[in-house]
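S.K.: here is my input; please provide its structure:
(one chain, ligands or ions: 4)
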Amino acid sequence: MGLIDIAPAGVVAGKDVYKVFDYARQNGFAIPAFNVTSSSVANAALEAARDAKSPVILQVSQGGAAYFAGKGVANDKQQASIAGAVAAAHHIRNIAPLYGVPVILHSDHCAKKLLPWFDGMLDADEAHYQKTGEPLFSSHMLDLSEEPKEENIETCKKYLARMAKIGIWLEMEIGITGGEEDGVNNEHVDNASLYTQPEDIWDIYREFSEITPNFSIAAGFGNVHGVYKPGNVQLRPELLRKHQDFVKEQIKSKEDKPVFFVFHGGSGSEKKDITNAVSYGVVKMNVDTDTQYAYLEGIRDFVLNKKDYLMSQVGNPEKGPDAPNKKFYDPRVWVREGEKTMAKRCTIAYQDLGSAGKL
Ligand SMILES: O=C(CO)COP(=O)(O)O
Ligand SMILES: O=C[C@H](O)COP(=O)(O)O
Ligand SMILES: [Zn+2]
Ligand SMILES: [Zn+2]
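M.R.: Ligands and ions are numbered 1, 2, ... in the order given. The predicted structure is shown next:
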């Protein structure tokens, strides 16, 4: 029996989201979450998931969602980020069944000042639920990790109660992810706040479990967004095992890994850290920077290699001064090269996380 026997192809919602994450936990793998900024980027990740026979998580950041709506649209009230997230969700919902894999549709970091974006997405989820019986998104992330822990937990609980009514999963963050996220520079936060304590995980687990089992925790274990010189990021995935043991002891659980963990800053991570993190209960790993670079590579190489075909609409060194170059400058040709190289990087993520072949 594979994942596709318990969860449908296409965007999954409600109880199916729990089933997918629980299946990953029980079978010792995690699912990569790729940030998508356009339909082309989303399609590349889906194509690779289909070919790798893997489930996939597609997520929009607040900035990525605004980009989906168009850089030229004003976003002073989060209107572009809300409309762009809704547009991305509809695009993905419509095409995901064609790829034959379960897809979790998610939104990324939402800090306190961005809550109007979150509210807008939830309104769209509720409207979609009224019409179809399913929310628009499978899950959302709230990132109040820079606020005091009590405020973080209380705000999440308030939202979780609203989300639980329509079956939306919540990912929350505790401990800060270093590097940069959504324009917030966390490059200089002190080291201790990059590593979450077991008591904090227990406080969250206990409080959230009163409402619903449908949540995951992005716990800091040294994670940093972006890619840096080797040796500059010190990951300590073994902390996640300590968290699991602490919670397990509190609830006297038979489940070896009661907590669903999320690994942020997956790009540039060493395979051994990824493998260890998954073994300690990570079920989702975010990858953005590496797929951004991979998407560029194909386009960059195409433009460099075909430069002489791209400098004018007519005339190239091979076919002569009258030859049209339409076959080279059509975006379906050169953007496609980016999709292909991005798909290769996605395939590596499916393999590293063990989700490849799990359908
Ligand atoms: O955590 C991420 C998005 O939330 C992605 O991090 P990277 O860009 O380091 O892969
Ligand atoms: O926060 C991490 C993701 O990489 C999102 O990045 P972004 O805000 O540049 O879209
Ligand atoms: Zn954060
Ligand atoms: Zn992140």
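
S.K.: can you show me the helices along the stretch 251-359 of the chain?
M.R.: 271-279, 289-305, 307-310, 326-329, 331-353 (DSSP state H, counting those that start in this stretch).

S.K.: please settle this for me: is Gly179 part of a strand?
M.R.: Yes: assessed with DSSP: H, G, I helix; E, B strand; the rest coil, Gly179 lies in a strand.

S.K.: residue contacts, the closest residue to ligand 3 within the stretch 1-150 of the chain?
M.R.: In the stretch 1-150 of the chain, the residue that lies nearest ligand 3 is Asp143 (4.2 Å; CB to the ion). (Each C-beta comes from the backbone N, C-alpha and C, glycine too.) With contact set as CB atoms under 8 Å, 6 or more residues apart in numbering, Asp143 has these partners: His109, Cys110, Ala111, Met172, Glu173, Glu181, Ala218.

S.K.: Glu318 versus the first one, what's the distance?
M.R.: Distance from His109 to Glu318, counting by CB to CB, to the nearest Å: 48 Å.

S.K.: which one's more surrounded, those two?
M.R.: His109 (23 against 7; other CB atoms under 10 Å).

S.K.: so which helix or strand takes in the more buried one?
M.R.: Assessed by DSSP states H and E, His109 sits outside every helix and strand.

S.K.: that one contacts Gly64, doesn't it?
M.R.: No: the pair His109 and Gly64 fails to qualify as a contact (CB atoms under 8 Å) at a distance of 10.5 Å.

S.K.: any idea which element Pro116 lies in?
M.R.: Going by DSSP H and E, Pro116 is part of helix 115-132.

S.K.: and the furthest pair within the contacts of Asp143?
M.R.: The most widely separated members of those, counting by CB to CB, are Met172 and Glu181 (14.5 Å).

S.K.: quick one: the closest residue to Gly100 other than its chain neighbours and Val56, what's the gap?
M.R.: Spatially, and ignoring its direct neighbours in sequence, Gly100 is nearest to Ala9 (4.7 Å; CB to CB, 6 or more residues apart in numbering). Distance, Ala9 to Val56, using CB to CB: 11 Å.

S.K.: the more surrounded of the two?
M.R.: Val56 (26 against 17).

S.K.: for ligand 1, find the nearest of the helices of the stretch 251-359 of the chain.
M.R.: Nearest to ligand 1, of all these, is helix 289-305, at 3.4 Å by CB to the nearest ligand atom.

S.K.: quick one: the closest one near ligand 1?
M.R.: Yes: counting by CB under 6 Å from any ligand atom, ligand 1 is contacted by helix 289-305 at Thr289, Asp290.

S.K.: same for that helix, what does it pack against?
M.R.: strand 31-35, helix 39-52, helix 331-353 (3 or more CB pairs under 8 Å, 6 or more residues apart in numbering; DSSP states H and E).

S.K.: buried residues, the second one. List them.
M.R.: It stands for helix 39-52. If you call a residue buried by 16 or more other CB atoms under 10 Å, then helix 39-52 has these buried ones: Ser40, Val41, Ala42, Asn43, Ala44, Ala45, Leu46, Glu47, Ala48, Ala49, Arg50, Ala52.

S.K.: correct me if wrong: the second one contacts Tyr295.
M.R.: Yes: with contact defined as CB under 8 Å, Val41 reaches Tyr295; the gap is 6.4 Å.

S.K.: which neighbours do these two share?
M.R.: Joint contacts of Val41 and Tyr295 (CB under 8 Å, 6+ apart) are Glu339, Met342.

S.K.: distance of the closest residue to Pro116 other than its chain neighbours relative to His243?
M.R.: In space, Pro116 comes closest to Gln78 once its chain neighbours are excluded; the distance is 4.6 Å by CB to CB, 6+ apart. Here Gln78 is placed at a distance of 33 Å from His243 (CB to CB).
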